[in-house]
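K.L.:
would you be able to build a 3D model of this:
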Amino acid sequence: MDTFMGFSVHMDFEGQKLAERLFQIIVVTFGAVGWLYGYYVQDFFMTVLTLSAGFVLACLVTLPPWPIYRRYPLKWAPSQDPTASTSTAESTSGKKKKK
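P.N.:
Okay, the predicted model is just below:
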């Protein structure tokens, strides 16, 4: 199932890597700026507020599967008949050489 109510719900592996990297960059940047601003105004609440705003922004940017995260789709191998592969494996395992 690749859609939910008409919206795509998947990300490829490169998109997951990009989303994780963007999340880290946004949260760390807002955390550092929030800490500096909170230190400047001597109010820890401003630090927490700035970090929270960065977290919300990072979630909005990285959690939905935006098209930027679906640029490199996986090419799957064609499906094979499972009964044919098990019968072949059984026939080859029965032909073991004895010394």
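
K.L.:
use CA for all of it now, contacts and neighbours both
P.N.:
Will do.

K.L.:
what pLDDT does the model give F4?
P.N.:
Confidence at F4, expressed as pLDDT, is 73.

K.L.:
which stretches in the protein count as strands?
P.N.:
3-4, 7-8 (DSSP state E).

K.L.:
quick check: the residue nearest the centre of the chain vs T62, distance?
P.N.:
By CA atoms, centre = their mean, the mean C-alpha position of the chain lies nearest to Q16, the distance being 3.0 Å. According to CA to CA, to the nearest Å, Q16 and T62 sit 9 Å apart.

K.L.:
with G34 instead?
P.N.:
Distance from G34 to T62, counting by CA to CA: 21 Å.

K.L.:
the more surrounded of these two?
P.N.:
More neighbours surround G34 than the other of G34 and T62, with 23 against 18 (other CA atoms under 10 Å).

K.L.:
wait, that one sits on S52?
P.N.:
No - contact criterion CA atoms under 8 Å: G34 and S52 do not qualify, at 9.4 Å.

K.L.:
tell me which residues in the longest helix along the chain are buried?
P.N.:
Counting residues, the longest helix found in the chain (DSSP state H) is helix 13-41. Across helix 13-41, burial judged by 16 or more other CA atoms under 10 Å covers 14-16, 19, 22-23, 26-27, 30-31, 33-35, 37-38.
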